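[1] okay, structure incoming, though there's no sequence with it:
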């Protein structure tokens, strides 16, 4: 019975914008209430162990993590006007991450190893997708958006790569990498940050099957783009009445030039 309940996932459409654009549509899985209750309880009980492993690089599971992430990114960039911040965008991150990669990380962390058996048992079998009581397909590799445990498992799976790039940025230029789930921010001198971004992209592709969307990965800096900026990375900011103002959205909050923030709030 448990496996039947776990396998039946009802999918509902979630529009990411108020305009309800189909391009911004995401399928969200809703598991049976009993399974959701168990997973929510398990995630809550393991939160201290998750925070201990994930912090300080990953803040999605931390108390007031969104606030801390926004302030960290903004203050680091204000204190270092010559640095760049690469805002990383990963394509269909939760739905694409390798389950084997997540399991591998769970087994390697002593304080999280006890979670690996449940993860392996419930995620090994194909997950049936259901809407209105009718089956319409099966989920492939990846996690189910909407399940209480998916955020924790995603963050754990990504942590080795996020921790490694944070160490590279810190050791080579005093920079840092911080994440809010799949929203990652790589900060440092441009000659350090851009090569670190390339290595990070290759590592998450190889071990986790995650694909970095370069056309949506922005480069934020206070001045002009450095000469060594990869040509396919767009600059983060907005043009208002013919004038460019640098800025970017950090976990739902505008960060950057005052005019960028003012324009962003006006659009909201």
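    Looks like it arrived, so ask away. These figures come from a predicted structure and were not determined experimentally.
[2] could you use CA atoms for every contact and neighbour count after this?
    OK.
[3] please name every helix or strand in contact with the top helix by length along the chain.
    Ranked by residue count, the top helix of the chain under DSSP state H comes out as helix 150-173. Packed against helix 150-173, as judged by 3 or more Cα pairs under 8 Å, 6 or more residues apart in numbering; DSSP states H and E, are the following elements: helix 47-54, helix 93-96, helix 99-108, strand 176-180, strand 183-188, helix 190-208.
[4] so which bits of the first one are buried?
    By neighbour count, and taking 16 or more other Cα atoms under 10 Å as the criterion, the buried residues in helix 47-54 are 47, 50, 51, 53, 54.
[5] and if you look at the third one?
    By neighbour count with 16+ other Cα under 10 Å, helix 99-108 contains the buried residues 99, 100, 101, 102, 103, 104, 105, 106.
[6] local confidence estimate at the residue nearest the centre of the chain?
    Closest to where the C-alpha atoms of the chain average out (Cα atoms, centre = their mean) is residue 182, at 0.6 Å. In this model, residue 182 is scored at 93, pLDDT.
[7] gap between residue 155 and residue 105?
    According to Cα to Cα, to the nearest Å, residue 155 and residue 105 sit 10 Å apart.
[8] check residue 44 and give its pLDDT.
    Per-residue confidence (pLDDT) for residue 44: 91.
[9] so which strand or helix has it?
    Element membership for residue 44 (DSSP states H and E) is helix 33-45.
[10] and that helix with helix 47-54, angle?
    Helix 33-45 runs at 60 degrees relative to helix 47-54, counting by axes from the mean of the first three to the mean of the last three Cα atoms, to 10 degrees.
[11] so where's the chain shaky on pLDDT?
    Counting by pLDDT under 70, the chain has low-confidence residues at 1-13, 15-19, 21-29, 124-131, 136-140.
[12] make it 50
    1-6 (pLDDT under 50).
[13] tell me the phi and psi of residue 85?
    Note on residue 85: backbone dihedrals following degrees, to the nearest 10 are phi -120, psi 120.
[14] shift numbering so it begins at 171
    Sure thing, new numbering starts at 171, so read that last one as residue 255.
[15] list the contacts of it.
    Contact analysis of residue 255 by Cα atoms under 8 Å, 6 or more residues apart in numbering lists 247, 355, 356, 357, 358, 363, 389, 390, 391.
[16] tell me how many other residues surround the fifth one.
    In this case it means residue 358. As a burial measure, residue 358 scores 27 neighbours (other Cα atoms under 10 Å).
[17] next one: the third one
    As a burial measure, the neighbour count of residue 356 was computed by other Cα under 10 Å and equals 26.
[18] report the separation between it and residue 433.
    The span separating residue 356 from residue 433 equals 25 Å under the rule Cα to Cα.
[19] check the last one too.
    Separation of residue 391 from residue 433 (Cα to Cα) stands at 18 Å.
[20] buried members of the contacts of residue 255 into ChimeraX, please.
    Buried members of those can be picked out in ChimeraX with the line below, counting by 16+ other Cα under 10 Å:
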select :247,355,356,357,358,363,389,390,391
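[21] closest to residue 253 out of the contacts of residue 255?
    Using Cα to Cα, residue 358 is the member of those that lies nearest residue 253, at 5.2 Å.
[22] for that closest one, what are its contacts?
    For residue 358, counting by Cα under 8 Å, 6+ apart, the contacting residues are 253, 254, 255, 339, 343, 344, 345, 346.
[23] do residue 409 as well
    residue 415.
[24] that one in helix, strand or coil?
    Three-state call for residue 409 (DSSP: H, G, I helix; E, B strand; the rest coil): strand.
[25] separation between it and residue 427?
    Taking Cα to Cα, one finds residue 409 at 12 Å from residue 427.
[26] so what sits against both of these two?
    Common neighbours of residue 409 and residue 427, counting by Cα under 8 Å, 6+ apart, are residue 415.
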